[in-house]
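Student: quick one, fold the following:
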Amino acid sequence: MNAIFTVADVLNPVQRALRLTNADDLTLATQRIDHWHRMLCDLSDWPALRAVATPATTGVTLALPNAAGIVSVYGPVVPYWFVDRGDVPASDLLYRTLWSLGVPSRNGNGDLLFDVWDFNADTGAHAASTGISLSVVYWTRPSALSSGTDKLALPSTRALIVRTILDLVGLMDRKDVDVQSWRAELDPAMAELLTLNPVSQSMPLRMASGRTLTRGPLR
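Tutor: Just a heads-up that it's a prediction; the model follows:
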């Protein structure tokens, strides 16, 4: 888990597997490594990408720049429970502090959008929170990869290698490459990668209505 891998640790086995020799093919391979690295980094809150933001609620949707996903949201006193936005008015959620992903989930700048909801006893309904200092635990998007020495944010390379090879076989129309063995390796490689960052389950809230609340989409 503490190993630090670079683009070269992925590009070299990809180059050998596909027998890439010319500069254009190696450039394309590096670009696809970058693409799949970003896709895989979206899947979990990898330690290298974890961060905490401390915004204050303003009564409107909040934007979190460069965020891949949110793990949990805390107020100064209590945590906020994650729900789908459409469930916010549900009667079994009365008096709960809630948060939800925005609709849409990103703005034009690619910032991740989310809403924080407090229950208003006077109106008997939830309303967008105002003037509350938050602690938002999230993970960022990784830096772009372009050089062989650029560091990966992932704790393993195998899934990224397999994804990249399968991608390049299609893009390059490489009928000389037996893709069946690579396809067979994809699921085990993905499973192995995800086991390196097991999701630590926070204490869920099991309600009398049958609903179970968690701190965030991953938990």
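Student: what's the nearest residue to the most centrally placed residue in the chain if we skip its chain neighbours?
Tutor: Nearest residue to the geometric centre of the chain (Cα atoms, centre = their mean): D42, 3.0 Å. Spatially, and ignoring its direct neighbours in sequence, D42 is nearest to A68 (5.1 Å; Cβ to Cβ, 6 or more residues apart in numbering). (Each C-beta comes from the backbone N, C-alpha and C, glycine too.)
Student: hang on, the one you found in a helix?
Tutor: No - counting by DSSP: H, G, I helix; E, B strand; the rest coil, A68 is not found in a helix; it is strand.
Student: please name the residues that touch it.
Tutor: Under the criterion of Cβ atoms under 8 Å, 6 or more residues apart in numbering, the contact partners of A68 comprise 41-42, 49, 112, 138-141.
Student: show the buried residues in the residues you listed.
Tutor: Using 16 or more other Cβ atoms under 10 Å as the burial test, the contacts of A68 include 41, 49, 112, 138-141 as buried.
Student: relative to I165, which of these is nearest.
Tutor: Proximity of the buried ones among the contacts of A68 to I165 (Cβ to Cβ) peaks at C41, which lies at 18.7 Å.
Student: name the single longest helix found in this protein.
Tutor: The helix of greatest length in the chain, counted in residues with DSSP state H as the criterion, is given as helix 23-41.
Student: same question for stretch 93-104, mean pLDDT?
Tutor: For stretch 93-104, the per-residue pLDDT values average out at 95.
Student: quick one: buried residues of that stretch?
Tutor: 93, 96-102.
Student: kindly format the C-alpha coordinates of that stretch as CSV.
Tutor: Written as CSV, here are the backbone C-alpha positions of stretch 93-104 (Å, rounded to 0.1, in the frame of the first residue of the first chain):
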residue,chain,number,x,y,z
LEU,A,93,-36.3,12.0,7.7
LEU,A,94,-37.9,14.8,9.7
TYR,A,95,-35.5,16.5,12.2
ARG,A,96,-32.4,14.9,10.6
THR,A,97,-29.5,16.8,9.3
LEU,A,98,-29.0,15.7,5.7
TRP,A,99,-26.7,16.2,2.7
SER,A,100,-27.2,15.2,-0.9
LEU,A,101,-25.3,15.5,-4.2
GLY,A,102,-26.5,18.4,-6.4
VAL,A,103,-28.7,18.0,-9.5
PRO,A,104,-26.8,18.1,-11.8
